[in-house]
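Q: Here is my input; please provide its structure:
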Amino acid sequence: MNITVAKSAGFCFGVKRAVNKVYEQADIKRGPVYTYGPIIHNEEVVRDLEQKGVKVLPSIEALTDGQIRQGGTVIIRSHGVSREVYEKLEQAGFEVEDATCPFVLKIHQIVEEFSNDGYEIVIIGSSEHPEVEGIRGWCDPEYTTVIADVQEAENFQPKSGKKVCIVAQTTFNYKKFQELVEIIQKKGYIRDIRVLNTICNATEERQNEAASLAETSDLMIVIGGRSSSNTQKLYEICKEECANTYYIQTTADLHLAQTGHIDNVGITAGASTPKKIIEEVQKYVRTKL
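A: This is a model prediction of the structure:
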């Protein structure tokens with residue numbers, strides 16, 4: 001039996017950089033250390049950091065309701081945050097360590113500049129994802145729209161005939177992004193549309209590799225946290241190519257029911273999945289099939 005692990009599986013540059021920064025701050029121990037939200041969408045990593053004394057600051061509201069003692073260090077995760085969050089953290093006396101992914105920071109700069117130049121901003125992505133929430137915080141909220149599916153793209157109408165600038169959540173499905181952009185571009189009444197493909201190169205590479213691997217696999221395993229947007233999209237992509245696709249967080253979730261001869265097993269993982277878990281799954285599969 002062949003077991004192939006995708007070369008792009010596991011931590012991307014931005015996630016690895018953010019996680020390393022938290023571990024560094026935990027080792028320094030100059031005072032309380034917090035992450036603004038879970039540093040990544042992986043429960044194993046978050047649990048390990050908690051054991052080292054790193055706490056999660058769930059929201060800005062937690063600063064005023066007594067949940068969090070003010071002062072100490074807050075690390076901004078790779079997803080980034082709005083301008084307002086930065087300001088309120090500093091006003092509360094925290095030292096802010098910014099671990100926002102550079103690709104996300106670039107989107108903040110783009111939407112701020114285009115918004116100031118009179119463009120309505122369209123973000124192709126999930127409105128509830130923290131990265132998208134952060135991006136929205138760098139442009140005029142009155143002229144910002146988040147679009148996640150075909151129906152929302154078809155219903156979109158820019159306000160007051162404004163120019164439109166389209167960007168994407170860095171982990172969005174590239175093919176779906178193209179589809180939604182085409183729908184918006186076909187609206188003849190929009191006089192000026194600027195499209196900037198801000199999907200991270202690592203995300204696009206990971207998605208393409210996952211699709212190719214799934215296409216040649218009898219069994220496909222996608223590893224990542226349940227709340228990980230990029231892992232969910234990997235699963236959707238793999239499922240299209242290989243019906244026998246599993247979505248797991250750890251080996252504990254993997255209950256293999258062999259329904260025929262399996263020659264090729266493919267394994268990929270989201271950007272928030274540690275190498276250790278990928279290796280554990282690989283060993284587990286080898287012993288069970």
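
Q: any low-confidence regions in the stretch 51-200 of the chain?
A: Applying pLDDT under 70 to the stretch 51-200 of the chain picks out residues 64-70.

Q: Strands of that one, start to end?
A: Assigned by DSSP state E, counting those that start in this stretch, the stretch 51-200 of the chain shows strands spanning 54-57, 72-76, 94-98, 119-124, 144-147, 163-168, 193-195.

Q: Partner strands of the shortest one, with direction?
A: Using DSSP bridges, the neighbouring strands of strand 193-195 in the sheet come out as strand 163-168 (parallel).

Q: Convert the C-alpha atoms of the partner strand to PDB, please.
A: In PDB, the C-alpha atoms belonging to strand 163-168 read as follows (Å, rounded to 0.1, in the frame of the first residue of the first chain):
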ATOM      1  CA  LYS A 163     -16.400  51.900  -7.900                       C
ATOM      2  CA  VAL A 164     -15.600  48.400  -6.600                       C
ATOM      3  CA  CYS A 165     -12.500  46.800  -5.300                       C
ATOM      4  CA  ILE A 166     -12.600  43.000  -4.800                       C
ATOM      5  CA  VAL A 167     -10.200  41.100  -2.500                       C
ATOM      6  CA  ALA A 168     -10.300  37.600  -1.100                       C
END
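
Q: which of the strands of the stretch 51-200 of the chain is buried the deepest?
A: strand 119-124 (a mean of 25; mean count of other C-beta atoms under 10 Å). The way it works is simple: take the backbone N, C-alpha and C, and place the C-beta from them, glycine included.

Q: which helices and strands does that one pack with?
A: Judged by 3 or more C-beta pairs under 8 Å, 6 or more residues apart in numbering; DSSP states H and E, the packing partners of strand 119-124 are helix 102-116, helix 130-136, strand 144-147, strand 163-168, helix 174-185.

Q: Export those as JSON lines, with columns for distance to G10.
A: Listed next are the helices and strands packed on strand 119-124 as JSON lines, based on distance: least, C-beta to C-beta, whole Å:
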{"stretch": "helix 102-116", "distance to G10": "17"}
{"stretch": "helix 130-136", "distance to G10": "19"}
{"stretch": "strand 144-147", "distance to G10": "28"}
{"stretch": "strand 163-168", "distance to G10": "22"}
{"stretch": "helix 174-185", "distance to G10": "20"}
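
Q: Between the ones you listed, which one is closest to I237.
A: With C-beta to C-beta as the measure, helix 174-185 is the member of the helices and strands packed on strand 119-124 nearest I237 (8.5 Å).

Q: on contacts alone, who are the packing partners of that closest one?
A: So helix 174-185, by 3+ C-beta pairs under 8 Å, 6+ apart, packs with strand 119-124, helix 150-155, strand 163-168, strand 193-195, helix 201-215.

Q: one more time with 10 Å, if that's ok
A: strand 119-124, strand 144-147, helix 150-155, strand 163-168, strand 193-195, helix 201-215, helix 229-241 (3 or more C-beta pairs under 10 Å, 6 or more residues apart in numbering; DSSP states H and E).

Q: Using a markdown table, please lay out the ones you listed together with distance to R286.
A: Conversion of the helices and strands packed on helix 174-185 to a markdown table gives the following (distance: least, C-beta to C-beta, whole Å):
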| stretch | distance to R286 |
| --- | --- |
| strand 119-124 | 39 |
| strand 144-147 | 42 |
| helix 150-155 | 41 |
| strand 163-168 | 37 |
| strand 193-195 | 45 |
| helix 201-215 | 17 |
| helix 229-241 | 20 |
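
Q: so which of those gets nearest I76?
A: helix 229-241 (17.8 Å).

Q: elements contacting the closest one?
A: Going by 3+ C-beta pairs under 10 Å, 6+ apart, helix 229-241 lies up against helix 130-136, helix 174-185, helix 201-215, strand 219-223, strand 245-248, strand 264-269.

Q: Would you reformat these as CSV and include mean neighbour count?
A: Output for these, formatted as CSV (neighbours: other C-beta atoms under 10 Å):
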stretch, mean neighbour count
helix 130-136, 23
helix 174-185, 17
helix 201-215, 20
strand 219-223, 28
strand 245-248, 20
strand 264-269, 25
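
Q: That'll do, ta.
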